[in-house]
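A.B. asks: okay, structure incoming, though there's no sequence with it:
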Ligand code: FAD
Ligand code: SF4
């Protein structure tokens with residue numbers, strides 16, 4: 001067993017909560033403007049110290065101060081062609097909002113950011129910027145890119161602390177007197193709703209759960225994305241003519257076709273792909289085995305972490321093994337630690353270098369004491385009297401690269417061992433829900449996901465779709481990008497003369 005290691009820990013500055021300003025200053029003009037790009041290294045962001053945060057669910061990363069944000073913005077070269085923007089699926093005008101920060105015009109910077117991103121405080125916290133806008137920043141070629149995500153988060157947080165009457169309001173187009181139904185309130189649905197309301201439509205969101213946000217609410221824990229941040233961004237949509245219907249599973253209460261018959265002019269489906277993949281190994285039904293989705297939903301959405309205020313049953317394991325190497329596995333492992341586990345181990349069939357999780361999340365898990373068993377694949381959950389006592393693991397080695405470009409894990413003959421555990425959490429991915437067929441009578445591909453054209457149009461010209469239910473598990477910003485481009489396509493379709501008959505799918 002190896003303790004996770006990382007060569008990027010210098011990025012993480014640990015600061016006690018008490019040393020940080022409680023509110024961000026709202027008078028930026030006090031700081032003089034500088035135009036020549038600074039040569040300073042990328043500015044670190046303060047974090048709650050690991051030893052403190054493993055016993056609470058408060059946010060780990062604490063954000064930039066105004067001074068740090070200004071200093072980081074001044075690293076930007078203000079490139080004419082702004083290659084960073086090509087890396088952003090919702091096409092935020094990054095160059096311009098950074099320029100407004102440099103100019104001390106934070107209200108303008110917020111307005112630019114919000115014009116294309118309906119959830120900036122969420123994206124600033126959970127987007128994998130290192131593989132998107134920051135990957136295409138010119139400074140990334142020679143060293144460290146501008147910390148675009150941290151600046152985005154800073155602006156959204158600064159805006160939230162302004163008096164309500166001063167806060168940036170979305171500029172809505174005149175009302176078009178047309179209604180759009182959005183199915184699912186994850187990032188795809190929220191982005192579609194935001195864009196459609198901006199364009200003058202009445203939008204009604206139908207959500208199966210009692211709380212909006214999709215994975216942002218039930219999957220990503222509070223220590224990465226506090227609920228109040230999501231609630232604030234949902235509230236901004238409510239104020240922009242978006243109505244939310246909770247506990248409204250489409251396919252049960254009505255189908256998409258019935259919604260169209262009831263007078264909706266178009267429908268956007270963003271129901272995600274939340275059906276857990278199972279390991280298909282013996283012992284999977286023992287008490288103490290969870291899918292990551294169930295484990296995280298019990299803790300986040302059903303507040304198990306607030307025991308005894310909320311009496312949601314969840315096993316608080318002493319020895320927890322999480323299987324997987326993505327963001328979901330990191331969230332499950334770090335959640336188990338915070339619930340009081342003595343030892344949390346990640347079992348991953350490749351090595352740390354191949355882990356698909358965000359680098360920052362792996363680093364944070366390391367600091368918190370999560371252990372990694374590399375090159376290990378589950379063979380059997382071992383148990384006694386119906387309860388988990390361990391996980392039999394198969395030792396693997398890396399072979400040639402597979403279609404994903406990562407080296408394929410191959411079993412090492414005869415090398416098996418049992419890792420002791422009282423709780424096993426499986427985070428090996430999710431699938432589309434077969435219930436999808438009742439949601440809408442549209443084409444579904446061989447893997448069970450919705451088939452769409454480039455702009456998200458399904459085989460029914462008035463039903464569009466985007467996010468994980470089209471692509472399979474992806475990222476928040478990709479789901480948002482799909483929701484937004486489908487919204488633009490819906491607007492084009494409904495602005496065309498022969499809406500009823502048009503068939504644009506290629
Ligand atoms: P979802 O977020 O799944 O939302 C779909 C919504 O539709 C849900 O609220 C669901 O209840 C609702 N719904 C389903 N069926 C119906 C129905 N029939 N009627 C009405 N409503 C319905 N991505 C990142 O970029 N960064 C991260 O750090 C990150 N961490 C993650 C951590 C976890 C634990 C998980 C699970 C995922 C993570 N992801 C991350 C991936 C990202 O969250 C997803 O790619 C994204 O949420 C997909 O958005 P979506 O809107 O398509 O679906
Ligand atoms: Fe600034 Fe990087 Fe974008 Fe150039 S690519 S404008 S340096 S953020």
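C.D. replies: That came through, no problem. It should be emphasised that the depicted structure is a prediction, and the values quoted were computed from it without experimental measurement. Ligands and ions are numbered 1, 2, ... in the order given.
A.B. asks: the residue nearest to residue 303 when sequence neighbours are not counted: neighbouring residues, count only.
C.D. replies: Closest residue to residue 303 apart from its sequence neighbours, by Cβ to Cβ, 6 or more residues apart in numbering: residue 310 at 3.7 Å. In this view, the C-beta of every residue, glycine as well, is placed from N, C-alpha and C. If you count neighbours by other Cβ atoms under 10 Å, residue 310 ends up with 10.
A.B. asks: next one: residue 66
C.D. replies: Residue 66: 20 neighbours (other Cβ under 10 Å).
A.B. asks: before we move on, what about residue 445?
C.D. replies: 11.
A.B. asks: leaving out chain neighbours, which residue sits closest to it?
C.D. replies: In space, residue 445 is closest to residue 451, 4.8 Å off (Cβ to Cβ, 6+ apart).
A.B. asks: look up how far residue 352 lies from the one you found.
C.D. replies: 36 Å (Cβ to Cβ, to the nearest Å).
A.B. asks: more neighbours: which of the two?
C.D. replies: A count of neighbours by other Cβ under 10 Å puts residue 352 above the other of residue 451 and residue 352, at 17 against 14.
A.B. asks: can you confirm the residue nearest to residue 303 is in a strand?
C.D. replies: No: read with DSSP: H, G, I helix; E, B strand; the rest coil, residue 310 is coil and lies in no strand.
A.B. asks: interface residues of the stretch 401-506 of the chain facing ligand 1?
C.D. replies: Residues of the stretch 401-506 of the chain lying near ligand 1 by Cβ under 6 Å from any ligand atom: 439, 467, 468, 469, 473, 474, 475, 476, 477, 479.
A.B. asks: the fifth one and residue 432, how far apart?
C.D. replies: With distances defined as Cβ to Cβ, the gap from residue 473 to residue 432 amounts to 10 Å.
A.B. asks: any shared contact partners between the two?
C.D. replies: Common neighbours of residue 473 and residue 432 (criterion: Cβ atoms under 8 Å, 6 or more residues apart in numbering): residue 273.
A.B. asks: so which of the two has more stuff around it?
C.D. replies: residue 432 (22 against 19).
A.B. asks: that one - nearest residue in space that isn't next to it in sequence?
C.D. replies: residue 448 (4.2 Å).
A.B. asks: do the same with residue 298
C.D. replies: residue 314 (4.4 Å).
A.B. asks: so which bits of the stretch 1-150 of the chain are right by ligand 2?
C.D. replies: Residues of the stretch 1-150 of the chain lying near ligand 2 (Cβ under 6 Å from any ligand atom): 76-79, 82-84, 94-95, 98, 137-139, 145-146, 148.
A.B. asks: how close does residue 421 sit to residue 282?
C.D. replies: 15 Å.
A.B. asks: longest helix of the protein, counting residues only.
C.D. replies: In the chain, taking DSSP state H as the definition, the longest helix is helix 476-495.
A.B. asks: contact partners for residue 88?
C.D. replies: 94, 132, 133, 477.
A.B. asks: sorry, slip of the keys, the one I care about is residue 434.
C.D. replies: By Cβ under 8 Å, 6+ apart, the contact list for residue 434 reads 275, 448.
A.B. asks: in the stretch 301-450 of the chain, what residue is nearest ligand 1?
C.D. replies: residue 327 (3.6 Å; Cβ to the nearest ligand atom).
A.B. asks: give me the three-state assignment for the closest residue to that residue other than its chain neighbours.
C.D. replies: Nearest residue to residue 327 in three dimensions, chain neighbours excluded: residue 357, at 4.9 Å (Cβ to Cβ, 6+ apart). Per three-state DSSP, the secondary structure class of residue 357 is coil.
A.B. asks: ok, now which ones touch residue 357?
C.D. replies: Neighbours of residue 357 in contact, by Cβ under 8 Å, 6+ apart: 325, 326, 327, 329, 330.
A.B. asks: and this protein, which residues reach ligand 1?
C.D. replies: Going by Cβ under 6 Å from any ligand atom, the residues of the chain near ligand 1 are 126-128, 183-189, 206-209, 214-215, 219-220, 249-251, 270-272, 274, 296, 327-328, 331, 358, 439, 467-469, 473-477, 479.
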